[in-house]
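>>> Sequence and predicted structure, then a few things I'm wondering about:
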Amino acid sequence: MSENQKTLKRDYIFEGKGLHSGLKVTMRVSPAPAGTGILFHREDLGPDAVIGAVADYVTTTQRGTTLEKGDIRISTIEHLLSAFSGMGVDNALVTLNAPEAPILDGSALPYVQAFGADGLVEQDAPRTYYEIKEKISYRDESSGSEIVIEPDNGFSVDLTIDFNSHVLGVQKVHYDEGTDYAAEVAPCRTFVFFHELEFLFRNNLIKGGDLENAVVIVEHPVPEEDLARMAALFNVEKVDRLPDGYLDNVKLHFPDECARHKLLDLIGDFSLIGYRIKGKITADKSGHKINTTVARIVREMIKKEINQ
């Protein structure tokens, strides 16, 4: 039984700050005709400043995924793309007035809540899947990360994170077509280690970051003066380290929330293949760089098959 493509029922407006740029962003997410895929429009650059959400246009992947074509640049798109994929949205037009999507709460939940409240529209065109026919294996020797995709009748992910952290430990998470994306993946927020925060802030890498859109991991007890300095940087009265090794800015939704967020990112980055795939994915220490590299490899394989 074939499935049809789906789009949104109406326009949705999301407003917030870009995590890295700190710019105020207004983003409108709209329905699109069957066969459109996901398109981003930088309306501040003119009516023709449109770029497709495909791996061909990926440039930088430092703490987020960025698409670039000529003067058109869109960054930190992975959470929105993950929501589209997890909720079954095939076609949409995303219009922004800035070069970065808003970080919102650091997860995909605001998108899922908005789209899920209205449901989706089924379109009069079949959804296309690409079936992985042979094992694909890619390893990044510099980071030790690895992704393997094997043939399978459905789509599944087994993901492991290991940051050599006594707080996080080794976390494993499984995802397949029976997983409730909205409940089990979408709420999981981005995370950062406490010792990275000041460097990122001082180097203008998280101009739009605050202590409400990230889980902060604190490996070791921190002197009071360091906590006070961090509170001042983020313009909050006080922060503290909880006994479990996390900053007290947010409460975990799941014990393995950090692994689930890496899963959220992978789902978003893999949507840049431009096709839904049938295959079993095993990801070890994955991140945006290896995710988008593998997405590009699979996309090139598909292009070659189509052109044969």
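Structure's in. What do you need? Numbers count the residues shown, from 1 in each chain.

>>> How many residues are close by Ile77?
Neighbour count of Ile77, defined by other Cβ atoms under 10 Å: 24. Yep, even glycine has a C-beta here, placed from its N, CA and C like the rest.

>>> what's near enough to touch it?
Applying Cβ atoms under 8 Å, 6 or more residues apart in numbering to Ile77 gives the contacts Phe40, Ala53, Gly64, Thr65, Thr66, Leu67, Ala101, Gly268.

>>> Show the pLDDT at the fifth one.
Thr66 is assigned a predicted lDDT (pLDDT) of 97.

>>> what about Asp284, how many neighbours?
For Asp284, the neighbour count with other Cβ under 10 Å is 17.

>>> how close does it sit to Pro255?
Going from Asp284 to Pro255 by Cβ to Cβ, to the nearest Å gives 20 Å.

>>> which stretches of this structure form helices?
With DSSP state H, the ranges of helices along the chain come out as 78-87, 109-118, 181-184, 194-202, 224-233, 257-270, 288-307.

>>> is it possible to export those to JSON lines including mean pLDDT?
Converted to JSON lines, these look like this (pLDDT from 0 to 100):
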{"stretch": "helix 78-87", "mean pLDDT": "98"}
{"stretch": "helix 109-118", "mean pLDDT": "96"}
{"stretch": "helix 181-184", "mean pLDDT": "98"}
{"stretch": "helix 194-202", "mean pLDDT": "79"}
{"stretch": "helix 224-233", "mean pLDDT": "85"}
{"stretch": "helix 257-270", "mean pLDDT": "98"}
{"stretch": "helix 288-307", "mean pLDDT": "95"}
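
>>> Val218 is nearest to which of those helices?
Smallest distance to Val218 across the helices of the chain (Cβ to Cβ): 4.3 Å, for helix 194-202.

>>> helices or strands next to the closest one in the packing?
Here helix 194-202 touches strand 215-217, helix 224-233, going by 3 or more Cβ pairs under 8 Å, 6 or more residues apart in numbering; DSSP states H and E.

>>> Need the winner for burial among these.
Using mean count of other Cβ atoms under 10 Å, the stretch among the helices and strands packed on helix 194-202 with the greatest mean number of neighbours is strand 215-217 (a mean of 21).

>>> distance between that one and the chain's centre?
The chain centroid and the centroid of strand 215-217 are separated by 17 Å, computed with Cα atoms, centre = their mean, to the nearest Å.

>>> So what touches it?
106, 165, 167-168, 189-194, 197, 245-247, 249-250, 252, 257-258, 261.

>>> Could you list the low-confidence segments of this protein?
Flagging of the chain using pLDDT under 70 yields the residue ranges 1-2, 308.

>>> and with 80 instead?
Within the chain, the segments meeting pLDDT under 80 span 1-2, 198-199, 201-211, 233-234, 308.

>>> which stretch among the helices of the chain comes nearest Lys135?
helix 288-307 (12.3 Å).

>>> Flag every buried residue along the closest one.
Of the residues in helix 288-307, those with enough neighbours to count as buried (16 or more other Cβ atoms under 10 Å) are His288, Lys289, Ile290, Asn291, Thr292, Thr293, Val294, Ala295, Arg296, Val298, Arg299, Met301.

>>> Quickly check these for the two that are furthest apart.
Distance extremes for the buried residues of helix 288-307: the farthest pair is His288 and Met301 at 20.4 Å, using Cβ to Cβ.

>>> Ala83 and Phe115 touch, don't they?
Yes: Ala83 is in contact with Phe115 according to Cβ atoms under 8 Å; the separation is 6.9 Å.

>>> one step back: how about the helices and strands packed on helix 194-202 in TSV, adding distance to Ile13?
Shown next, in TSV, are these (distance: least, Cβ to Cβ, whole Å):
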stretch	distance to Ile13
strand 215-217	27
helix 224-233	30
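
>>> Many thanks, I have nothing further to ask.
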